[in-house]
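Participant: No sequence on hand, only this structure:
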């Protein structure tokens with residue numbers, strides 16, 4: 001989660017807050033300068049033993065160098081679980097929107113998608129369908 005001021009500058013970063021103070025999720029698309037390697041080297045691991053991306057993003061925030069760009073209309077963020085499952089979900093959506101497959105075919109294709117602990121790919125595709133299609 002990221003909070004923005006009136007000028008669109010990031011003011012707060014919070015991984016997964018219980019009570020979010022913002023409607024902006026950090027989708028996970030990052031671009032860094034080469035210096036990020038040194039920042040990572042000096043970032044201590046979390047209690048779980050991992051270097052957390054939010055920790056070095058906070059480095060940029062504290063330095064006043066974090067730039068955030070909200071996605072506009074017609075963008076969608078799919079948390080499909082893995083990068084391998086992303087093309088499958090997006091291809092099925094395109095096929096349905098182009099009317100190459102029917103509502104029923106999209107429903108059938110969405111059902112067997114692996115959830116990877118998220119169910120987001122299946123949920124997203126099912127939410128595209130009109131309400132009259134049984135789920």
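Facilitator: Nice, I can see it. Remember, it's a predicted structure, so these values are computed and weren't measured experimentally.
Participant: what number of residues lie near residue 109?
Facilitator: Burial measure for residue 109: 19 neighbouring residues, criterion other C-beta atoms under 10 Å. For the C-beta atoms, the positions are set from N, CA and C on the backbone; glycine is no exception.
Participant: can you give me the strands for the chain?
Facilitator: Counting by DSSP state E, one finds strands in the chain at the ranges 2-4, 10-13.
Participant: Next, format these as JSON lines and append distance to residue 69 and mean pLDDT.
Facilitator: Below are the strands of the chain laid out as JSON lines (distance: least, C-beta to C-beta, whole Å; pLDDT from 0 to 100):
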{"stretch": "strand 2-4", "distance to residue 69": "10", "mean pLDDT": "91"}
{"stretch": "strand 10-13", "distance to residue 69": "10", "mean pLDDT": "91"}
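Participant: Can I get those strands in CSV including mean neighbour count and distance to residue 99?
Facilitator: Converted to CSV, those look like this (neighbours: other C-beta atoms under 10 Å; distance: least, C-beta to C-beta, whole Å):
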stretch, mean neighbour count, distance to residue 99
strand 2-4, 17, 37
strand 10-13, 17, 40
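Participant: mind checking which of these is nearest residue 87?
Facilitator: strand 2-4 (27.2 Å; C-beta to C-beta).
Participant: Quick one, which of the strands of the chain gets closest to residue 43.
Facilitator: strand 10-13 (13.8 Å).
Participant: for residue 21, phi and psi?
Facilitator: Here is the backbone geometry of residue 21 (degrees, to the nearest 10): phi -100, psi 10.
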